[in-house]
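Engineer: Okay, predicted coordinates and the sequence, questions at the end:
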Amino acid sequence: MTRKEFAYFFLRNKKVIFAMCVLGFLTFLAVVGPYISPYKDPLAFVGLGYQPPSKQHWLGTNTFGQDIFTQLVHGLRTSLFVGLVGGSLATVIGLLIGFVAGYRGGWIDELLMMFTNILMVIPTLALLIIIAAYLPYRGIFIQSLIIGFTAWPWTARAVRAQALSLKTREFVDLARITARRPLKIIFGEIMPNMMSYVFMVFILQFGGAILAATGLDFIGLGPTRGMSLGIMLQQATLWNAIQLGMWWWAITPGAVITLIVATLYIMNTGLDEIFNPKLREM
Amino acid sequence: MSFLVVQNLTKEYPLGLLGKEKLKAVDDVSFEIERSKIVSLIGESGSGKTTIGKLVLRLLKPTSGRIVFDGKDVFSLRKEELRDYYRRVQGVFQDPFSSFNPIYKIDRVFDMVFEEFLPEVKASERKARIEQVLVSVGLNPSQILGKYPHQLSGGQLQRILIARILLLDVELLVADEIISMLDASTRVDVLNLLGDLKKRGMSVIFITHDLSLGYYISDEALIMYRGSIVEMGDTEKVFRNPVHPYTRMLLESVPEVGKKWDLRERFTPELIGGDSASCKYYDRCPIRERHCRTAHLQMVEVEENHKVLCLKAGA
């Protein structure tokens, strides 16, 4: 597909445009939000408790008088960071392992796939709980690493399948009889054909990492310092926000997480239509 | 003078979970190719003809046996020797659609040839030479260059691949079913082009399942059945005087213009797994005898430059 064609279909696809707008807005909020919020520290007690949204507190306050909007924008930062780092890590590891296994084949393939399958059958959440529980201090970076190192197996399997099919195409043979070096064949012939797929895998891993982080936060194994959307959810549940009718505390973080992940999925289906001509709505 | 010698070439693929069973795609094949000769490799699908082509192009490693080109074992070539080998030995593959990387313009196959083999040629000269070879395969350069593979037809793509060969002074071409994608009118052009190249000293391994094409173009014919060469020799002799029952069956099954198909005619199809006899054609053979099952088979010369792998040859 030419760049021009790509731009044409990209700009015509409503799903992608919608998703780009929402994600752009959320990223903007995460970057600028902490500066436009009147309160600097998401953990500071800045007002009365139990306050519904108002001019002083845009999204109200929680039981202790902490500002929900400030918590939300800081939490959004954390979630996007975890998604970016954890998702990238999982994509890169999955791509490397899957590609080497598929391209080299033989016993290297057997070995790597055995390793991948073992990691796949271990319940990730249980593993995450154990690892997280052993670390006395947990920052969001450590959390991203843990998520990244456990989320890659299915990516590896899918990439392996792609590499297996691509390496037997005749254009690879043609490059070989043109005396191309193996590395040039990998990066010039095979990899470019996988990029659209890898890009979509990254988006799914991005959303997956955010959800995994939320799960950990919610059961109390999130970052020991700082604020995240999952921690907000956990606290809202612990302090009976729903029973006390504090909808602004209980619903907001969950709604934002849902918005991020749903948008990513919409983006993915939209991109699928762009990369795969058969799915395009004409 | 033979410049490509294939000796006892065997390629096995492991079958099943533990790979104990072996599928012999190419089974102890030996032949020689002389300069300026077109040799057609004829056989049904699965007979191993494409595998032989890929082995000659070094795209697969043989299980045993050797391929010697110009006195050197092809599989011992390294780096610059290998580059030199590919400068002299080239191939055109079966499927033109998958021979092009879909994300690049077709110009890239020419650029790669210049980058790897002819880096000294200047950019301005490159364009002239590309246009020249495109014209010689009957294509209009302005309609071809700058296009993506999916914008062109199979026949056009196939001819681009042939044009690519013309950039180099190739001595041996492995042409794997290169005609099957072309329509009848361009077929003859490409066949005649191969004939011209032969006159300039190029040899061709012409892989085909089409007997009439094999007859039309080649000096020698190798008939393959399930990985083995069953009959080989001068095309004229093999086609005029087929000895092996498989070759005879193949020649009888060619439909002819002006002759209605006899519906009473019956062919024994290939049996799956009927592999116990020493002669691979045993199960389908109309003239088989008991000792064909166990006896050791060897190529027999029926006349000068015409050999056959059958115990009953000449009988």
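Structural biologist: Right, received. Where do you want to start?
Engineer: Just name the shakiest helix or strand of chain A by mean pLDDT.
Structural biologist: helix A:3-12 (a mean of 76; mean pLDDT, DSSP states H and E).
Engineer: Just name whatever secondary elements that helix is in contact with.
Structural biologist: Using 3 or more Cβ pairs under 8 Å, 6 or more residues apart in numbering or on different chains; DSSP states H and E as the contact test, the elements touching helix A:3-12 are helix A:247-275. C-beta: built from backbone N, CA, C; applies to glycine.
Engineer: For residue 55, which residues are in contact?
Structural biologist: This is for chain A. Contact analysis of A:K55 by Cβ atoms under 8 Å, 6 or more residues apart in numbering or on different chains lists nothing.
Engineer: if you could check chain B rather than the one you did, that'd help
Structural biologist: So B:L55 contacts B:9, B:11, B:26, B:62, B:67 (Cβ under 8 Å, 6+ apart).
Engineer: which of these lies closest to A:P52?
Structural biologist: Relative to A:P52, the closest of those is B:K11; by Cβ to Cβ it sits at 77.5 Å.
Engineer: Please work out how many residues are found near the closest one.
Structural biologist: The number of residues packed near B:K11 is 23, by other Cβ atoms under 10 Å in any protein chain shown.
Engineer: so which helix or strand takes in the residue of chain B positioned farthest from its centre?
Structural biologist: Residue farthest from the centre of chain B, counting by Cα atoms, centre = their mean, is B:S124 at 35.2 Å. In the assignment (DSSP states H and E), B:S124 maps to helix B:123-136.
Engineer: Distance-wise, check the residue nearest to B:D70 when sequence neighbours are not counted relative to A:I131.
Structural biologist: For B:D70, ignoring the flanking residues on the chain, the nearest one in space by Cβ to Cβ, 6 or more residues apart in numbering or on different chains is B:F3 at 5.4 Å. Here B:F3 is placed at a distance of 64 Å from A:I131 (Cβ to Cβ, to the nearest Å).
Engineer: anything in the longest helix along chain A near chain B?
Structural biologist: For chain A, the longest helix by residue count, based on DSSP state H, is helix A:68-104. No. Helix A:68-104 stays clear of chain B (Cβ under 8 Å from any Cβ of the partner chain), getting no nearer than 14.5 Å.
Engineer: right, and the helix or strand after that helix?
Structural biologist: helix A:106-121.
Engineer: Centre of the chain to the following helix or strand past that following helix, how far?
Structural biologist: Following helix A:106-121 in sequence order, the next helix or strand is helix A:124-134 (DSSP H and E). Mean-position distance between helix A:124-134 and its chain equals 19 Å (Cα atoms, centre = their mean, to the nearest Å).
Engineer: same thing with stretch A:198-209?
Structural biologist: Worked out by Cα atoms, centre = their mean, stretch A:198-209 lies 6 Å from the chain centre.
Engineer: Need the phi and psi values for B:V5.
Structural biologist: B:V5 adopts backbone torsions of phi -120, psi 120, taken as degrees, to the nearest 10.
Engineer: Next one: A:I17 from chain B, what distance?
Structural biologist: Applying Cβ to the nearest Cβ, to the nearest Å, the value for A:I17 to chain B is 24 Å.
Engineer: Would you mind listing the residues in contact with that residue?
Structural biologist: Listed by Cβ under 8 Å, 6+ apart, the contact set of A:I17 reads A:L11.
Engineer: contact partners of the helix holding B:S124?
Structural biologist: B:107, B:110-111, B:114, B:121, B:140-141, B:144-145, B:160, B:163-164, B:166-167, B:193.
Engineer: Which SSE is immediately downstream of it?
Structural biologist: helix B:141-144.
Engineer: could you give the mean pLDDT of that next one?
Structural biologist: Averaging pLDDT along helix B:141-144 yields 91.
Engineer: Now do the buried residues in it.
Structural biologist: B:141, B:144 (16 or more other Cβ atoms under 10 Å in any protein chain shown).
Engineer: Alpha carbons only: can I get it in PDB?
Structural biologist: Extracted in PDB, the C-alpha atoms of helix B:141-144 (Å, rounded to 0.1, in the frame of the first residue of the first chain):
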ATOM      1  CA  PRO B 141       8.500  -0.100 -19.600                       C
ATOM      2  CA  SER B 142       6.300   3.000 -19.000                       C
ATOM      3  CA  GLN B 143       3.400   0.700 -18.100                       C
ATOM      4  CA  ILE B 144       5.500  -1.500 -15.800                       C
END
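Engineer: Mind giving me the packing neighbours of that helix?
Structural biologist: helix B:123-136.
Engineer: Distance check, the closest residue to A:S228 other than its chain neighbours against chain B.
Structural biologist: With Cβ to Cβ, 6+ apart as the criterion, A:S228 has its nearest non-adjacent residue at 4.0 Å, and that residue is A:T78. The spacing between A:T78 and chain B, counted by Cβ to the nearest Cβ, is 37 Å.
Engineer: element containing the residue in the stretch 151-300 of chain B that chain A sits nearest to, please.
Structural biologist: Here the stretch 151-300 of chain B gets closest to chain A at one residue, B:L161, 7.8 Å apart by Cβ to the nearest Cβ. Element membership of B:L161 [criterion: DSSP H and E] is helix B:154-166.
Engineer: residues in the stretch 151-282 of chain A within reach of chain B, list them.
Structural biologist: Counting by Cβ under 8 Å from any Cβ, the stretch 151-282 of chain A sits next to chain B at A:169-171, A:173-180, A:189, A:192-193.
Engineer: What's the PyMOL line that selects buried ones from these?
Structural biologist: In PyMOL syntax, the buried subset of those is picked out as below (16+ other Cβ under 10 Å):
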select buried, chain A and resi 169+170+171+173+174+175+176+177+178+179+180+189+193
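Engineer: so what's the residue nearest in space to the middle of chain A up against?
Structural biologist: With distances taken as Cα atoms, centre = their mean, the residue of chain A nearest its centroid is A:F206 (1.5 Å). By Cβ under 8 Å, 6+ apart, A:F206 lies in contact with A:83-84, A:87, A:264.
Engineer: Please pick the buried ones from those.
Structural biologist: A:83, A:87, A:264.
Engineer: hang on, isn't the second one packed against A:Q205?
Structural biologist: Yes. Here A:G87 reaches A:Q205: they are 3.9 Å apart, a contact under Cβ atoms under 8 Å.
Engineer: list the residues that contact both of the two?
Structural biologist: Counting by Cβ under 8 Å, 6+ apart, the contacts common to A:G87 and A:Q205 are A:A151.
Engineer: Off-centre distance for the longest helix of chain A?
Structural biologist: That offset, for helix A:68-104, works out to 5 Å (Cα atoms, centre = their mean).
Engineer: Please identify the buried residues of it?
Structural biologist: For helix A:68-104, by 16+ other Cβ under 10 Å, it's A:68-83, A:85-95, A:97-103.
Engineer: Same question for stretch B:234-248.
Structural biologist: B:234-235, B:237-239, B:242-247.
Engineer: Distance across that stretch, terminal residue to terminal residue?
Structural biologist: Terminal residues of stretch B:234-248 lie 16 Å apart, using Cα to Cα, to the nearest Å.
Engineer: pLDDT of that stretch, averaged?
Structural biologist: 90.
Engineer: Contacts for it, please.
Structural biologist: Under Cβ under 8 Å, 6+ apart, the answer for stretch B:234-248 is B:40, B:211, B:214-215, B:218-221, B:223, B:225, B:230-232, B:250-251, B:281, B:284-287, B:302-303, B:305-306, B:308-310, B:313-314.
Engineer: ditto for stretch B:69-87
Structural biologist: Contacts for stretch B:69-87 (Cβ under 8 Å, 6+ apart): A:177-179, B:3-5, B:56, B:58, B:61-62, B:66-68, B:88-89, B:116-117, B:168-170, B:172.
Engineer: Filter those residues down to just the buried residues.
Structural biologist: A:177-179, B:3-5, B:56, B:58, B:62, B:67-68, B:89, B:116-117, B:168, B:170, B:172.
Engineer: any weak-confidence spans in chain B?
Structural biologist: B:1, B:17, B:19, B:261, B:263-276, B:314-315 (pLDDT under 70).
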